[in-house]
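*Asks:* when you get a sec, could you give me coordinates for this:
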Amino acid sequence: MKLEKNKTLTYAAFGVISVFICGCVSSEKYYKDVTMSREAAYQQWKNQKEQEVKSEVVISGQLSIEDALKLTLVNNKILQSIAQEKEIARGGEIASYSAILPSVLISADYVRKDKVASLGPITFGDVDNYSTSLMVRQPIFAGGAIKGTINAARLFSLLTDQNIRTVVQEVIYLGQNAYYSVLLNQHLMEISTDAVRSSQAHLDSVKQKRLNGVASDFDVVRAEVELSNFQAELIQNKNAINIARANLLKIMGVSQDSDITLSDELVYVPVNFTMEDVVQKAYSSRPDLLTRELDIKYQKELLDISNSRYWPTVSAYYERMRSKPDPHNGTIIDWGNLWSAGVIAAFPIFDGFAREGEVIQQKARLKQSQIRLIDSEETTIFQLNKALLSIQNAVEFVESQKLNLTRATEGLRLAEVGYDEGINTQVEMIDAQSALTEARSNYYQSIYNHIIAKLDLHKAMGTLVVPETGTKEKSENQAASEVPAVLPQISSADSGTEIINNNTKKDNENFLMN
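*Replies:* You can find the predicted model right below:
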C-alpha cells in the first residue's frame, strides 16, 4: 500500500516538474515568436514606407492657390479613402434590387446509401442517387418592404454623396488655410529679415558714433540687444514657415521633397453679404443640412420596412428537378423529371416581440434625425453669425492697420532724422523700429484674418470651391451662389505646377472625374 502511495507521489512530482519545465520552454518560445513577429512588422513597415516614398507625387515650380487645391483633390489621402464610400453605396443600391427581382438557384447532389428497401424482387430506390434542380422564386408582396428596401438604398447613396461633399469642403478649407498660412509666415519672415537688417545697420551706426565719442557703451549694448531680439524672431518665423510649408504639402498629398514657390499673395478683397443671403445659400447648399434631410427620409423608409413585418409575404416559385432514380417512381432506376410551381404566403403570428422592439427603435431613430436637423440648423445660424462678425471685425482691423502702418513708417523716418540730428534718443529710435515691425506684422495678420473669415463664411454656407487665380470681388459673390458638385472635375494637366512623379491610382482619378 505504501509502495503504491510512493509511486503515486513520484508520478505526481514528475508531472509537476514536467509541466513546470514545459511551461518555461513555452514562455521562451512565445517570447521568441513575439520578437520575430515584431521584427517582421518592422520590416513590413519599412518596405511599405519605401513604396510610399517611391509613389509620392513630387512637384516643383510656381504654385497658385488653384493648382494647390487641384493637387489636393487628386492626392489627398482623406479623399482617396472617402472615395471608397461611393463604391460601398453603389454596391448596396445594386444589392437592394434583390428585393424585387427573382432569385434563381441551381443545385446538384449525390447520395450513397448503405442499402435500399425492397419487397421481394422489387427495390424501392437505388444505393446511388443523383439529382439536379432549378429553383426560381419571385417576390410578389412583402407589406411595403420591397419598395422600402430599394428606396432606402437610393437614399443611402445620396447620403454618401453629401458625406463626400462634406469631406471635400473640409479638404478645400484646409488646403486654402494652409496655403495662406504659408504666405503669412513668408511675410512675417520678410519683416523679421528687414528688422534684423535695419538693426544691424543701426548697430554699426552706433558703434561708429562711439568711436567718434558721441555714443556710449550702453547705446551699443542696447543696439545689440535689439538686434538679438529681432534675430530670435527671425529664427522663430523660419521654423513657423517650415512647419506651415510641410503642412501644406501633407494636405496636398505630395512629397515633402517638393520644391515650390507660392505665386499668389495675401490680398484684401472686400465682400458684402447680408444675413438673409448667407442663410438662404446655406440652407440650399450646406451638405450637413442636406444630409439631415435625407437621413429623415432614410429613417422613414427603415420604419416602413419594420412595419412591413406585420403584413404577410407572398412569393411565387417554380422548381424543376431531374434525378435518378425516377422521382415519380423509385422502382425505376433511371433518370426522370419532376416540376412543381405554386404560390407561398406566410403570415407572422408571433415572433417574441421582435417586431415591436424593432419598430420602437426605428421610431426613436427617426425622432433623433428630426432633432439633429433642428440642431444643425441652429448650428448653421450660429456659424454664419460668427463668420459675418469675424469678417466685420477683420475689415475694421485691416482699415486700422493700414493707417497704423502709414503712421509707423512716418514715425521711423522722423526718428531716424531726429537721431541723426541728435534730437531723438536711441531708445526712441529703437521704439520706432519695433513699432514699424509690429505694424507691418499686424497689417499682414489682419489681411490673413480677413481671408480666413471669408473661408469660414463659405464653409458655413457649404459653398467652398476651387478658386480661380486672380479672383475679384465679383467672383467672390458668384462663387458663394454656386453649389459645388460632389467632387469637381480636375485634371493634373490643368495645373501650372510641374509634376515630376505622379503615380496616383487610376481608379481614384476616375472617381474624382465623375
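
*Asks:* helices of the stretch 101-250 of the chain, residue ranges please.
*Replies:* Along the stretch 101-250 of the chain, the segments classed as helices by DSSP state H, counting those that start in this stretch run 145-211, 217-252.

*Asks:* looking at those, which is buried most?
*Replies:* helix 145-211 (a mean of 19; mean count of other C-beta atoms under 10 Å). Quick note: C-beta positions are derived from backbone N, CA and C, even for glycine.

*Asks:* tell me the angle of that one relative to helix 217-252?
*Replies:* 160 degrees (axes from the mean of the first three to the mean of the last three C-alpha atoms, to 10 degrees).

*Asks:* helices or strands up against helix 145-211?
*Replies:* helix 65-75, helix 77-96, helix 217-252, strand 259-262, helix 287-307, helix 426-461 (3 or more C-beta pairs under 8 Å, 6 or more residues apart in numbering; DSSP states H and E).

*Asks:* can you tell me the centre-most residue of this structure?
*Replies:* Centroid check for the chain by C-alpha atoms, centre = their mean gives residue 78 as the closest residue, at 3.9 Å.

*Asks:* residue 144 is nearest to which of the helices and strands packed on helix 145-211?
*Replies:* Across the helices and strands packed on helix 145-211, residue 144 has its closest neighbour in helix 287-307 (5.2 Å, C-beta to C-beta).

*Asks:* show me what that closest one packs onto, helices and strands only.
*Replies:* Judged by 3+ C-beta pairs under 8 Å, 6+ apart, helix 287-307 is in contact with helix 145-211, helix 354-420.

*Asks:* tell me the contacts of the residue nearest to residue 130 when sequence neighbours are not counted?
*Replies:* Nearest residue to residue 130 in three dimensions, chain neighbours excluded: residue 324, at 4.7 Å (C-beta to C-beta, 6 or more residues apart in numbering). Residues near residue 324 by C-beta atoms under 8 Å, 6 or more residues apart in numbering: 126, 128-131, 333-336.

*Asks:* flag the shaky bits of the stretch 1-150 of the chain, pLDDT-wise.
*Replies:* For the stretch 1-150 of the chain, applying pLDDT under 70 flags the ranges 1-26, 49-55.

*Asks:* where along it do the strands fall?
*Replies:* Applying DSSP state E, counting those that start in this stretch to the stretch 1-150 of the chain gives strands spanning 58-63, 103-112, 117-119, 122-124, 128-141.

*Asks:* winner for burial among the ones you listed?
*Replies:* Note that of those, strand 58-63 is the most buried (mean count of other C-beta under 10 Å), with a mean of 18.

*Asks:* what helix or strand is residue 272 on?
*Replies:* Assigned by DSSP states H and E, residue 272 belongs to no helix or strand.

*Asks:* gap between residue 138 and residue 452?
*Replies:* 59 Å (C-beta to C-beta, to the nearest Å).

*Asks:* hmm, I was thinking of residue 285
*Replies:* 20 Å.

*Asks:* check residue 358 and give its pLDDT.
*Replies:* Per-residue pLDDT puts residue 358 at 91.

*Asks:* which pLDDT value goes with the residue lying closest to residue 196 once chain neighbours are set aside?
*Replies:* Among residues not flanking residue 196 along the chain, residue 230 sits closest, at 4.7 Å (C-beta to C-beta, 6+ apart). For residue 230, the model assigns a pLDDT of 83.

*Asks:* contacting residues for residue 230?
*Replies:* Here residue 230 is in contact with 192, 195-196, 199, 437 (C-beta under 8 Å, 6+ apart).

*Asks:* what's the separation between it and residue 431?
*Replies:* In terms of C-beta to C-beta, residue 230 sits 14 Å off from residue 431.

*Asks:* ok, now residue 83?
*Replies:* 56 Å.

*Asks:* can you tell me the closest non-neighbouring residue to residue 216?
*Replies:* residue 210 is the one closest to residue 216 (C-beta to C-beta, 6+ apart), at 6.9 Å.

*Asks:* report the separation between the one you found and residue 219.
*Replies:* 7 Å.

*Asks:* how many neighbours does residue 351 have?
*Replies:* Residues lying near residue 351 (other C-beta atoms under 10 Å) number 11.

*Asks:* contact partners for it?
*Replies:* Per C-beta under 8 Å, 6+ apart, neighbours of residue 351: residue 309.

*Asks:* look up phi and psi at it.
*Replies:* phi -130, psi 30 (degrees, to the nearest 10).

*Asks:* can you tell me the closest non-neighbouring residue to residue 187?
*Replies:* residue 444 (4.3 Å).

*Asks:* wait, the residue nearest to residue 216 touches residue 217, no?
*Replies:* Yes - with contact defined as C-beta atoms under 8 Å, residue 210 counts as touching residue 217 (7.1 Å).

*Asks:* now do stretch 95-115: distance to the chain's middle.
*Replies:* How far stretch 95-115 lies from its chain's middle: 42 Å, per C-alpha atoms, centre = their mean, to the nearest Å.

*Asks:* dump the helices and strands packed on helix 145-211 into a markdown table; add distance to residue 166 as well.
*Replies:* Output for the helices and strands packed on helix 145-211, formatted as a markdown table (distance: least, C-beta to C-beta, whole Å):
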| stretch | distance to residue 166 |
| --- | --- |
| helix 65-75 | 14 |
| helix 77-96 | 9 |
| helix 217-252 | 17 |
| strand 259-262 | 27 |
| helix 287-307 | 4 |
| helix 426-461 | 10 |
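
*Asks:* what separates the residue nearest to residue 187 from residue 160, distance-wise?
*Replies:* 41 Å.

*Asks:* what of residue 365?
*Replies:* Residue 365 sits 18 Å away from residue 160, going by C-beta to C-beta.

*Asks:* again with residue 368
*Replies:* Separation of residue 368 from residue 160 (C-beta to C-beta) stands at 19 Å.

*Asks:* what's the local residue count around the residue lying closest to residue 309 once chain neighbours are set aside?
*Replies:* In space, and not counting its chain neighbours, residue 309 is closest to residue 355: 4.6 Å by C-beta to C-beta, 6+ apart. Neighbour count of residue 355, defined by other C-beta under 10 Å: 16.
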